[in-house]
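# Give the three-dimensional model of this entry:
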Amino acid sequence: MGGPLVTVRGVEKTFQLPGAWPWSPSRAVPAVLGVNLEVAPGEIVALVGQSGSGKTTLARMVLGLEEPTAGSIALEGQAWSGVPEKDRQARRVKYQYVPQDPMSALNPQQTPLEAVSETLRALGGLPAAEARAGAREVLVKLGLEARLNALPRDLSGGEQRRVTLARVLALEPRLIVADEPTSGLEPDRRQAVLRDLFGNLPEASGCILVTHDMSAARAWAHRALVMLAGRVIEEIDLRAYEPVHPYARLLFDPWSRPAPGGELAETGCPFLPDCPLADGPLAERCAAAVPPLSRLNDRHAVACYGAEAPTVRDA
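Residues are numbered from 1 along each chain as shown. Coordinates of the predicted model:
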């Protein structure tokens, strides 16, 4: 299958935010801290975590929409981060983004057929007739045959998302980054949109799914990276194992105990204030240093001093 589509090594991102007043000093806000990530051809990797965990910032850096403060990103073995935009432009068509808000990505005066045709002309380099035929084909495949000439305002939320999917899938990209692609939809509509996305991925293409929906991650992703306070605190093959980090277990089984209500710890393990495992000497160790991401086996890693042995998922 060749080498990885995405190779992220030690990536960090720090934002400089202005102070409260014009004369106040700016402050550094770390968003991503030392993350490693690989995505293989044909693989779906989920980035999961609560808001502010750094997953969207990491995804945007993979696409070159944000530049890392430190570390490196390569796509298909070629340097991507730190490369001038003029040198990346010709490659961008292979790496596509599915936005969280479809209406912000659609021209309100363009029909689905016009929107996808324009994408195939401008980015795919097809003549107008071929672009229109290709647009019709992918829109019909996504169940929009009766909505080819509707305006975005007349489409349902699920139909708007299918149009954004059609624009991406029509280009047959090597990598798709989908940022909360089912946000705001009813559960049955979410499943339909995810089926449309993952059921039509080009052969050997990879996908990064940014999501709050743990059921979507379980159903579709091969692996999940659980992020907290800018770090990966668990990397897990969802087909084989159950999460063991207490924060990850809470995300995937929110009925097990109340959601964290306090602030994250500023030193040591950020989950310490709400961790049910931290007690006595273990709590002191967790407060003293951030747990490193350590391998439990070749398909499971966790950053937790109190983590138990990996739990095999029921067949």
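
# low pLDDT regions in the stretch 51-200 of the chain?
Within the stretch 51-200 of the chain, no stretch has pLDDT under 70.

# Tell me where it has helices.
Counting by DSSP state H, counting those that start in this stretch, the stretch 51-200 of the chain forms helices over residues 55-62, 85-88, 102-105, 112-122, 128-141, 157-169, 187-198, given from the N-terminal end onward.

# what bridges to residue 231?
Beta-bridge pairing for residue 231 (DSSP bridges): residue 228.

# can you redo the helices of the stretch 51-200 of the chain as JSON lines with mean neighbour count?
Any C-beta I mention is one placed from the backbone N, CA and C, and that applies to glycine too. Written out in JSON lines, the entries for these read as follows (neighbours: other C-beta atoms under 10 Å):
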{"stretch": "helix 55-62", "mean neighbour count": "24"}
{"stretch": "helix 85-88", "mean neighbour count": "11"}
{"stretch": "helix 102-105", "mean neighbour count": "16"}
{"stretch": "helix 112-122", "mean neighbour count": "21"}
{"stretch": "helix 128-141", "mean neighbour count": "17"}
{"stretch": "helix 157-169", "mean neighbour count": "23"}
{"stretch": "helix 187-198", "mean neighbour count": "17"}
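
# For the nearest residue to residue 142 once chain neighbours are set aside, give its distance to residue 123.
In this structure, residue 142 finds its nearest non-sequential neighbour in residue 162, 4.6 Å apart by C-beta to C-beta, 6 or more residues apart in numbering. Between residue 162 and residue 123 the distance, using C-beta to C-beta, to the nearest Å, works out to 19 Å.

# next one: residue 104
Relative to residue 123, and taking C-beta to C-beta, residue 104 is found at 19 Å.

# any idea which residue sits dead centre in this protein?
residue 210 (2.7 Å; C-alpha atoms, centre = their mean).

# Relative to residue 195, how far out is that one?
18 Å.

# Over to residue 92?
Applying C-beta to C-beta to residue 92 and residue 195 gives a distance of 27 Å.

# And residue 286, by the same measure?
In terms of C-beta to C-beta, residue 286 sits 41 Å off from residue 195.

# for residue 67, same thing?
As for residue 67, its distance to residue 195 is 34 Å (criterion: C-beta to C-beta).

# count of neighbours near the closest residue to residue 18 other than its chain neighbours?
For residue 18, the nearest residue in space outside its immediate sequence neighbours is residue 26; the separation is 5.5 Å by C-beta to C-beta, 6+ apart. For residue 26, the count of nearby residues is 10 (other C-beta atoms under 10 Å).
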